[in-house]
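Trainee: Predicted model, plus sequence, below.
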Amino acid sequence: QRDYFFPSYTYFSSNSQEVFEASASGSLFELPAGTVSMATGFGYRHEDMDRTTDTRGNSAIRNPYTNAIGAYGYLNQPAVKGALELWEGFAEVQAPLLADLPLVQSLDLNVAGRHTEYSTSGGVDTWKIGLVYVPIEGLRLRGTISRDIRAAGLPELYTPPATGYSTVQDPFRNRELVAMIPITTGNADLQPEEADTQTFGVVYRPDFLPDFYASIDYYKIDIAGQIATLSAQRTADLCALGVTQYCDLIVRAPPAAGQTYGSIISVELPFLNLSEFTTSGIDVEAGYEQPLDFLGMTGDLTFRFFGTHTIEAETTPPGLGATPQDVADGVAQQVANLSVGYKSGPMSVNLQSNWVSGGRLSFNLPRFAGDRVKGQTWFDLTGRYHFDNGMEIFGSVQNIFDRDPPVVALTGPVSVPF
């Protein structure tokens, strides 16, 4: 009976994309500081996804929760089929505003805009305005503000219902812990995520050290309508808070005599335009290349550092009474990579160290002893050799010292039989 209750599935997936784009660029007119240039164009894209499944004799049996093929394969992955297309037009202008003045070597303006028509969600506009200011040789200040979007992908739009196993604490039954069936599904009505982005930074390349560069940038990103799925627990809690649209996603058994609510049988978890998300931080990058001829050796030694500090990562979940929650302390607030490389002729070797800071294990539970994860450092080694005929041999060893990730506590409700 094992093959009947737990059949094996074979999937056949096909993804295709057709892209057409035409663009033109050139000079528009002259300003005292230089030539104003422009690029414009339009494009078309069609994406198609088709996945079929072989259910080994269960084609006539359907899952009672989703009506998908495979009644006893609660973890089944049903067939998926969907497509989207888009048309878009875009333009970008580069204009030198000032040049060759005291403390103004150059000041350039960049403006860009794009309109996109999605077959799934309609039209959306994006844009960017940027300034680059060079007061003196080797010093560059830059800043950009933009409106950005991310449209839903085909799996988020068209994935049919699929089931699994989980538990939920029922807020309508004194937070009784019950086993239930979560049903994940796509949503063809999703709208694009919208983000407002601000970046400001400085780049330094000193004349006295031409092989050195350093930059520091501040960024802030505000996302509205972030595409995600709720957990079954959050769905039940939002229903209890009075958000009735989430109550419609919960299926209950008929209540027993004297009860107001029956037990939860299943909870539908579609992709939705859910929360707002704000993040900000600072990126630092530096690099240096040193020829080794002064030591009587051939080749160059290179150093590169990249680090980022997350100032905030604040999410506002949906629902009445929801308050923003800053989870920056749980996403490794500091991340850094330092690499040292050697290159001589066709051969190069690079050693990279990777470091992530520690963080809080869970923001959904009260503070407890051991609720922090320690920071981690690991090393990767890569080597390459280029041949004269254009071929290349390369090899890489990641985590060369076999550093294990930290062991952390299990959090969340646990059902223990007595």
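Mentor: Nice, thanks for sending it over.

Trainee: which residue ranges form the strands in the stretch 151-300 of the chain?
Mentor: Assigned by DSSP state E, counting those that start in this stretch, the strands in the stretch 151-300 of the chain fall at 162-163, 166-170, 176-185, 193-204, 212-224, 227-228, 250-252, 264-270, 272-273, 276-291, 300-316.

Trainee: which of the ones you listed sits most buried?
Mentor: Each of the strands of the stretch 151-300 of the chain was assessed for mean neighbour count using mean count of other CB atoms under 10 Å. The highest is strand 162-163, with a mean of 22. Where C-beta positions appear, they are placed from N, C-alpha and C, glycine not excepted.

Trainee: Could you list every helix and strand in contact with that strand?
Mentor: Packed against strand 162-163 by the contact rule (3 or more CB pairs under 8 Å, 6 or more residues apart in numbering; DSSP states H and E) you find strand 176-185.

Trainee: Now the strand it packs on: average pLDDT?
Mentor: Strand 176-185 shows a mean pLDDT of 89.

Trainee: got the angle for it vs strand 166-170?
Mentor: 120 degrees (axes from the mean of the first three to the mean of the last three CA atoms, to 10 degrees).

Trainee: Show me what strand 176-185 is in contact with.
Mentor: 65-66, 74, 159-170, 229, 232, 263-271, 413, 415 (CB atoms under 8 Å, 6 or more residues apart in numbering).

Trainee: who does it pair up with?
Mentor: Paired with strand 176-185 in the same sheet, following DSSP bridges, are strand 162-163 (antiparallel), strand 166-170 (antiparallel), strand 264-270 (parallel).

Trainee: circling back: make JSON lines from the strands of the stretch 151-300 of the chain and add distance to Val80 to it.
Mentor: Shown next, in JSON lines, are those (distance: least, CB to CB, whole Å):
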{"stretch": "strand 162-163", "distance to Val80": "10"}
{"stretch": "strand 166-170", "distance to Val80": "22"}
{"stretch": "strand 176-185", "distance to Val80": "11"}
{"stretch": "strand 193-204", "distance to Val80": "22"}
{"stretch": "strand 212-224", "distance to Val80": "26"}
{"stretch": "strand 227-228", "distance to Val80": "17"}
{"stretch": "strand 250-252", "distance to Val80": "23"}
{"stretch": "strand 264-270", "distance to Val80": "15"}
{"stretch": "strand 272-273", "distance to Val80": "19"}
{"stretch": "strand 276-291", "distance to Val80": "27"}
{"stretch": "strand 300-316", "distance to Val80": "29"}
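
Trainee: picking up where we left off before, for Phe208, which of the strands paired with strand 176-185 is the nearest?
Mentor: When the strands paired with strand 176-185 are compared by CB to CB, strand 264-270 sits nearest Phe208, at 59.3 Å.

Trainee: Can you check which helix is longest in the protein?
Mentor: What stands out as the longest helix in the chain, according to DSSP state H, is helix 232-240.

Trainee: on that earlier part again, just put the strands paired with strand 176-185 in CSV and tack on distance to Thr40 and mean pLDDT.
Mentor: Shown next, in CSV, are the strands paired with strand 176-185 (distance: least, CB to CB, whole Å; pLDDT from 0 to 100):
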stretch, distance to Thr40, mean pLDDT
strand 162-163, 44, 78
strand 166-170, 51, 90
strand 264-270, 39, 92
